[in-house]
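Peer 1: using only what follows, build the 3D model:
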Amino acid sequence: KFAAHNAAAWKDGLLVRVDAGVEVAKRLYVRVTASVADAAHFWRLLVVADPGARFSLIEEHTSSAPELAGYSNGVAEIFVGDGAKLEYVSIQNLSRETWHFASHRAQVGRDAELDWVAGGFGSKKGKIRIENDLAGQGATSRVTGAYFADGTQHLDYDTLQKHLAPSTTSDFAFKGALRDKATAVWRGMIKVEKDAQKTNAYQENRNLLLSRDAHADSIPGLEIEANDVRCTHGATVSQVDRDELFYCMARGLSRGEAERLIVRGFYQEIFDRIELEPVRTALQTALEARIPE
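Peer 2: Sure thing, here's the model as predicted:
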């Protein structure tokens, strides 16, 4: 219903199309800023990578003021043609008084690659849907997600890896840290159609709770109709390891310094998956600003 609301009301958007066989050396960057209080903002992005194209696109959603109230509804449609490669980054860093809803869907063609990074740090309440349709034989999709919530923030991710063709690969990994009374929900589904033999799919979600009142729900799922596949998933929710905390503090670190070090280590695996150095640095900076002193 949120995607339908966007389709009915959107006025601002962007079309990015790269012709067949073209490789764009420089990264494309778009920043969408909410600047009017108590306003509804509808944004739509359409990305088309023609066969054999290669490029990177970074999309960032921000607010002009930290307490700017509003409603944000975004839709992204991504088409990766046969043999193309797209690196797509979506970072949400809206104000703490903004409600944010987003629907992202990608279709990946034969022998094409999609490398997707999703960062969620802002908004009061956020609901993000991410769907990848691996429609062509040999298609590959990798989605890396990082989020951090504090105060009374609530972040909700709903991901779908839909394998429609044989010999396709998907790899979804999301990690989040929560403190104060923040909450998060992640629902992941791997769906393999009956003709999608030789599918290789993986999904994981790891949550680190930095306070007693923080809460996370992790709900992985599999729906497999083919009989020659490899599909696995993992999910964890845990407090900071007290032994790790004690070990660090016994060597002269304060509790805040020790906790910061542990959180850095928790996210390191996510950072290692990100190929683009500016994106990795931007995520690290955003997380460093949120980790308690």
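
Peer 1: going forward, measure contacts between C-alpha atoms and count neighbours the same way
Peer 2: Will do.

Peer 1: the residue nearest in space to the middle of the chain sits in which helix or strand?
Peer 2: Nearest residue to the geometric centre of the chain (Cα atoms, centre = their mean): Ala118, 2.5 Å. Per DSSP states H and E, Ala118 falls inside strand 113-120.

Peer 1: poorly predicted segments of the stretch 151-293 of the chain, please.
Peer 2: Filtered on pLDDT under 70, the stretch 151-293 of the chain yields the residue ranges 292-293.

Peer 1: determine how far the helix or strand that contains Phe79 lies from the middle of the whole chain.
Peer 2: Phe79 belongs to strand 70-80 when assigned by DSSP H and E. From the chain centre to the centre of strand 70-80 is a distance of 13 Å (Cα atoms, centre = their mean, to the nearest Å).

Peer 1: other SSEs contacting that strand?
Peer 2: helix 2-9, strand 39-49, strand 98-108 (3 or more Cα pairs under 8 Å, 6 or more residues apart in numbering; DSSP states H and E).

Peer 1: helices of this structure, start to end?
Peer 2: Along the chain, counting by DSSP state H, helices occupy 2-9, 242-249, 255-273, 277-290.

Peer 1: possible to save those as a markdown table with mean neighbour count and distance to Arg54?
Peer 2: Formatted as a markdown table, the helices of the chain follow (neighbours: other Cα atoms under 10 Å; distance: least, Cα to Cα, whole Å):
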| stretch | mean neighbour count | distance to Arg54 |
| --- | --- | --- |
| helix 2-9 | 14 | 28 |
| helix 242-249 | 14 | 43 |
| helix 255-273 | 17 | 19 |
| helix 277-290 | 15 | 17 |
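
Peer 1: which one, of these, ends up nearest to Ile91?
Peer 2: Closest to Ile91 of the helices of the chain, according to Cα to Cα: helix 277-290, at 8.6 Å.

Peer 1: between the closest one and helix 255-273, how many degrees?
Peer 2: 160 degrees (axes from the mean of the first three to the mean of the last three Cα atoms, to 10 degrees).

Peer 1: so what touches helix 277-290?
Peer 2: 89, 119, 121, 148, 271, 274 (Cα atoms under 8 Å, 6 or more residues apart in numbering).

Peer 1: adding distance to Asp158, write the helices of the chain out as a markdown table.
Peer 2: As requested, the helices of the chain are exported to a markdown table (distance: least, Cα to Cα, whole Å):
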| stretch | distance to Asp158 |
| --- | --- |
| helix 2-9 | 14 |
| helix 242-249 | 31 |
| helix 255-273 | 18 |
| helix 277-290 | 21 |
